[in-house]
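1. Sequence first, predicted coordinates after that:
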Amino acid sequence: MRKLILLPLLIAPLAGCMQDPLSRGAGGAVAGAVIADATGGSALTGAVVGGLAGAATCGVNVGLPPCRPRY
């Protein structure tokens with residue numbers, strides 16, 4: 001339970017750098033691994049699912065800033 005309480009504190013610094021699919025995927029992978037580990041699941045599976053979900057949010061309006069390509 002303590003890990004779930006610390007999760008927002010660990011993920012909050014990533015909020016400012018979610019401008020492209022790569023950073024959203026990385027943030028999602030970190031969040032997925034932490035959540036899976038805290039709930040007794042596989043951290044690797046959580047990272048894969050979180051990374052895919054994070055990268056997929058670039059095409060969906062979920063309240064995050066719009067994605068910009070990295071050129």
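-> Thanks, I have it.

2. Name the helix or strand for the most centrally placed residue in the chain, please.
-> Nearest to the mean C-alpha position of the chain, by CA atoms, centre = their mean, lies G28 at 1.8 Å. Using DSSP states H and E, G28 sits in helix 21-38.

3. Show me what that helix is packed against.
-> helix 2-11, helix 43-56 (3 or more CB pairs under 8 Å, 6 or more residues apart in numbering; DSSP states H and E). Heads up, the C-betas are built off the backbone N, CA and C, glycines and all.

4. Show me which residues of that helix are buried.
-> 21, 23-36, 38 (16 or more other CB atoms under 10 Å).

5. ok, back up a step: for the residue nearest to the centre of the chain, which non-adjacent residue is closest in space?
-> G54 (2.1 Å; CB to CB, 6 or more residues apart in numbering).

6. List the residues that contact the one you found.
-> 24-29, 31-32 (CB atoms under 8 Å, 6 or more residues apart in numbering).

7. between those, which is closest to L6?
-> The closest of the contacts of G54 to L6 turns out to be A31 (CB to CB; 12.2 Å).

8. Pass me the low-pLDDT residue ranges in the chain, would you?
-> By pLDDT under 70, the low-scoring segments of the chain are 1-5, 7-18, 64, 69-71.

9. a markdown table for the contacts of G54, including distance to N61?
-> Shown next, in a markdown table, are those (distance: CB to CB, whole Å):
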| residue | distance to N61 |
| --- | --- |
| R24 | 13 |
| G25 | 18 |
| A26 | 21 |
| G27 | 17 |
| G28 | 16 |
| A29 | 22 |
| A31 | 19 |
| G32 | 21 |
